[in-house]
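Asks: Sharing a model that was predicted from the sequence below.
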Amino acid sequence: MPVVRTFLSGGDVVLPDRVASGLTLVLEGDRIVDLTSGPRELSSHETRVDVTGQLVVPGFVDVHVHGVQGVDVLEGPAAVAAVARRLPRFGVTAFCPTSTACSPETLETFLEAVATARATPEPGAARVLPAHLESNFINPAYGGAQPVEWIGVDVLPLILDRCADVGILTMAPEMPGGMERLRAAVGAGIRVSLGHSGATYDQALEAIGAGARHATHLFNRMSPMSHRDPGLVGAVLSSDQVAVEIIGDGHHVHPAVVRVAIAAKGHSQVMAITDGTAGSGLPAGACARLGGHTITVGDVAQLPDGTLAGSVVTMDRVFAMLVAQAGQSLVEAAHLCATTPARELGLTGQGVLAAGSLADLAVLTQDLRVVQTWVGGRTSLPEQS
Ligand SMILES: [Zn+2]
């Protein structure tokens, strides 16, 4: 059998350490097998895709996604796959479907949907990673738009039973039984994230000491930092054991503060996220659902009472915000949107454009609009919405 290869040529390729102009990526099967400069004659089994004048970036890895374009991942057995189908329109090639606090039945259905979507990936859809549970174990005083009726309901046995489908567990360690739950989750190999939490600095350090390695949407819904009282924000900013998510819509966290956080943590410990809801990718004024509530799309998603309820941003716009408003280079933004989340989740061969990596990438215009997204060497053009 002849080897079938695709040559993605002529683009400005965002490598881990520089942007290389006019480089050709050679794709074979689901991998990038070579990066080469200079044209060459193609055989009959080889095709060239000309991306001259465009940017090629590693596909975005979003570890915090509730939904997109009208679909919420908690809305039944087909919802996770439906979100996976839509996300490549925004340059996303892998994501953690993310729950809110919910009933045990809803959680069970959700985790089953995650398992099914992972076992039966659809060609061209974003890769479904183990779930992020923005869970029943949060502090209701920092709950935001979370449905309070399910906070505290003990779903830990279910989570431990399904731990292969759970990647990240957001929790507040200061809640009654919080540290015991944290240790049990860490012991089961789940990545514990501190968030929706009023933990003091000392409580946060205890949680980090017990194995917490992640912080959920830094600054939003957590005890703030002041110079005499570092709080949870100060604990995770000053710990080199914890990587932090930052919502990159330019509204949940001011771009200047995004820049400060990156300066404190370094690009290797900051993961840009959308915290996207079913309202993401919908026009202003549209309505969608989150955690059983109706949300309205504006600059952010809001409950009827005005409570901030996740974002409406998509990952391509997060990448653009980092470059245009938070002073990040293309290389740095690629680390924040792809390389760091992939590495933190232990995804080998993802999040970078390199020989041997999975052919998960996005082609962008120079003004950072998605032209094509490739997942495992297959491309899909974004559909107009
Ligand atoms: Zn969220």
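Replies: Happy to help now that I have it.

Asks: What sits closest to the residue nearest the centre of the chain if chain neighbours are left out?
Replies: For the chain, the residue sitting closest to the mean C-alpha position, by Cα atoms, centre = their mean, is D62 at 1.5 Å. Leaving aside its chain neighbours, D62 sits nearest to F95 (4.6 Å; criterion: Cβ to Cβ, 6 or more residues apart in numbering). (C-beta placed from N, C-alpha, C; glycine too.)

Asks: what does the stretch 251-385 of the chain put close to the ion?
Replies: Within the stretch 251-385 of the chain, the residues that sit near the ion (Cβ under 5 Å from the ion) are D275.

Asks: just the strands in the stretch 251-385 of the chain please.
Replies: Per DSSP state E, counting those that start in this stretch, the stretch 251-385 of the chain carries strands over the ranges 270-273, 287-290, 293-297, 301-302, 361-364, 370-375, 378-380.

Asks: Most tightly packed of these?
Replies: Stretch with highest mean neighbour count among the strands of the stretch 251-385 of the chain: strand 270-273 (a mean of 29; mean count of other Cβ atoms under 10 Å).

Asks: any idea which element F7 lies in?
Replies: Secondary structure from DSSP states H and E places F7 in strand 5-14.

Asks: angle of that strand against strand 370-375?
Replies: 120 degrees (axes from the mean of the first three to the mean of the last three Cα atoms, to 10 degrees).

Asks: what's in contact with whichever helix or strand comes after strand 5-14?
Replies: Using DSSP H and E, the helix or strand that directly follows strand 5-14 along the chain is strand 19-28. The contact list for strand 19-28 (Cβ atoms under 8 Å, 6 or more residues apart in numbering) reads 3-13, 32-39, 52, 55-56, 330-331, 353, 359, 361, 374, 377.

Asks: Buried ones from those, can you make that a ChimeraX selection?
Replies: Burial among the contacts of strand 19-28 is assessed by 16 or more other Cβ atoms under 10 Å; the matching ChimeraX selection reads:
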select :5,6,7,8,9,10,11,12,13,32,33,35,55,56,330,331,353,359,361,374,377
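
Asks: can you give me the helices for the stretch 201-350 of the chain?
Replies: Counting by DSSP state H, counting those that start in this stretch, the stretch 201-350 of the chain has helices at residues 201-209, 231-238, 255-265, 315-324, 330-334, 340-344.

Asks: any chance of those in JSON lines, plus mean pLDDT?
Replies: Converted to JSON lines, the helices of the stretch 201-350 of the chain look like this (pLDDT from 0 to 100):
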{"stretch": "helix 201-209", "mean pLDDT": "98"}
{"stretch": "helix 231-238", "mean pLDDT": "98"}
{"stretch": "helix 255-265", "mean pLDDT": "98"}
{"stretch": "helix 315-324", "mean pLDDT": "98"}
{"stretch": "helix 330-334", "mean pLDDT": "98"}
{"stretch": "helix 340-344", "mean pLDDT": "98"}
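
Asks: Identify whichever of these lies nearest to T120.
Replies: helix 340-344 (22.2 Å; Cβ to Cβ).

Asks: who does that closest one touch, helix- and strand-wise?
Replies: Judged by 3 or more Cβ pairs under 8 Å, 6 or more residues apart in numbering; DSSP states H and E, helix 340-344 is in contact with strand 60-65, strand 270-273.

Asks: For the helix or strand just after the first one, which strands pair with it and how are they oriented?
Replies: It stands for strand 60-65. Moving toward the C-terminus from strand 60-65, the next helix or strand (DSSP H and E) is strand 67-68. Strand 67-68 has the following sheet partners, assigned by DSSP bridges: strand 71-72 (antiparallel).

Asks: contacts for the strand it pairs with?
Replies: Counting by Cβ under 8 Å, 6+ apart, H66, A79, A82, V83, R86, T277, A278, A288, R289, L290 sit against strand 71-72.

Asks: wait, does that strand contact the ion?
Replies: No - contact of strand 71-72 with the ion (Cβ under 5 Å from the ion) is absent, the minimum separation being 11.3 Å.

Asks: Give me the nearest residue to F219, chain neighbours excluded.
Replies: Using Cβ to Cβ, 6+ apart, the nearest residue to F219 is V253, at 5.2 Å.

Asks: How about the contacts made by that neighbour?
Replies: By Cβ under 8 Å, 6+ apart, the neighbours of V253 are L218, F219, N220, I246, I247, A261.

Asks: what does P121 give?
Replies: When contacts are counted by Cβ under 8 Å, 6+ apart, P121 touches A84, R127, V128.

Asks: at 10 Å instead, please
Replies: A81, A84, R127, V128, V375, G376 (Cβ atoms under 10 Å, 6 or more residues apart in numbering).

Asks: before we move on, what about D305?
Replies: Counted by Cβ under 10 Å, 6+ apart, D305 has contacts A145, H293.

Asks: just to revisit the earlier point, check which helices and strands the strand holding F7 is in contact with.
Replies: Here strand 5-14 touches strand 19-28, strand 31-37, strand 46-50, strand 55-58, helix 330-334, strand 361-364, strand 370-375, strand 378-380, going by 3 or more Cβ pairs under 10 Å, 6 or more residues apart in numbering; DSSP states H and E.

Asks: Quick one: work out the angle between it and strand 19-28.
Replies: Using the same axes, to 10 degrees, strand 5-14 lies at 160 degrees relative to strand 19-28.

Asks: and strand 5-14, how far out from the chain's middle?
Replies: A distance of 25 Å separates the centroid of the chain from that of strand 5-14, by Cα atoms, centre = their mean, to the nearest Å.

Asks: swap in stretch 239-248?
Replies: Using Cα atoms, centre = their mean, the offset of stretch 239-248 from its chain centre is 12 Å.

Asks: and what of stretch 207-226?
Replies: Relative to its parent chain, stretch 207-226 has a centroid offset of 17 Å by Cα atoms, centre = their mean.

Asks: Can you show me the CA trace of the longest helix along the chain as PDB?
Replies: Counting residues, the longest helix in the chain under DSSP state H turns out to be helix 104-119. Taking C-alpha atoms only, helix 104-119 is exported to PDB below (Å, rounded to 0.1, in the frame of the first residue of the first chain):
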ATOM      1  CA  PRO A 104     -26.600  11.700  40.800                       C
ATOM      2  CA  GLU A 105     -28.700  10.600  37.900                       C
ATOM      3  CA  THR A 106     -27.600  13.500  35.700                       C
ATOM      4  CA  LEU A 107     -24.000  12.900  36.600                       C
ATOM      5  CA  GLU A 108     -24.300   9.200  35.800                       C
ATOM      6  CA  THR A 109     -25.800  10.000  32.400                       C
ATOM      7  CA  PHE A 110     -23.100  12.600  31.700                       C
ATOM      8  CA  LEU A 111     -20.200  10.200  32.600                       C
ATOM      9  CA  GLU A 112     -21.800   7.500  30.500                       C
ATOM     10  CA  ALA A 113     -22.000  10.000  27.600                       C
ATOM     11  CA  VAL A 114     -18.300  10.900  28.100                       C
ATOM     12  CA  ALA A 115     -17.300   7.200  28.100                       C
ATOM     13  CA  THR A 116     -19.300   6.500  25.000                       C
ATOM     14  CA  ALA A 117     -18.000   9.600  23.100                       C
ATOM     15  CA  ARG A 118     -14.400   8.600  24.100                       C
ATOM     16  CA  ALA A 119     -14.900   5.000  22.900                       C
END
